[in-house]
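*Asks:* just coords:
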């Protein structure tokens, strides 16, 4: 099956034409030779999960994504969404003293939300969520001393 190279460049669909030559200097820098001109290129970011590259070509930045029929089908089926961890409970990663609880029962929690502050070895540690859920029950109170592995918060 022939696959015509089609790309999304800054969200606009483009199909390459002509005879451009790509010359790699190393894994990050390259030259594009086209119609007697040479363009300097740099790979600024690459996101393999989303199949995108952020390229700088002659001081202009472009986001490039290759279009594939399979990727379009996966998106239509809704299977391109990243899987998010469902929270069950938060346990103490170390012994310490609870300084502040930043959530209450019924709160909806997302990835990266601050849950509580735990002092251990005279250092304050902010415990953040690594998933999503709703706070079902809080088993501790501020100023309480907790052991490593103790369940602090339960989620629905």
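*Replies:* Nice, thanks for sending it over. All figures in this text were calculated on a predicted structure; none of them were measured in a lab. Numbering: from 1, shown residues only.

*Asks:* show me the domain layout of this structure.
*Replies:* 7-76, 89-155 (automatic domain parsing).

*Asks:* tell me which element the nearest residue to residue 138 once chain neighbours are set aside falls in.
*Replies:* Spatial nearest neighbour of residue 138, excluding adjacent residues (Cβ to Cβ, 6 or more residues apart in numbering): residue 153 at 5.4 Å. The way it works is simple: take the backbone N, C-alpha and C, and place the C-beta from them, glycine included. Using DSSP states H and E, residue 153 sits within strand 151-155.

*Asks:* what helices or strands is that strand leaning on?
*Replies:* Here strand 151-155 is seen to pack against strand 89-91, strand 114-120, strand 133-138 when contacts are counted using 3 or more Cβ pairs under 8 Å, 6 or more residues apart in numbering; DSSP states H and E.

*Asks:* what's the closest of those to residue 46?
*Replies:* Residue 46 sits nearest to strand 114-120 of all the helices and strands packed on strand 151-155, at 30.4 Å, using Cβ to Cβ.
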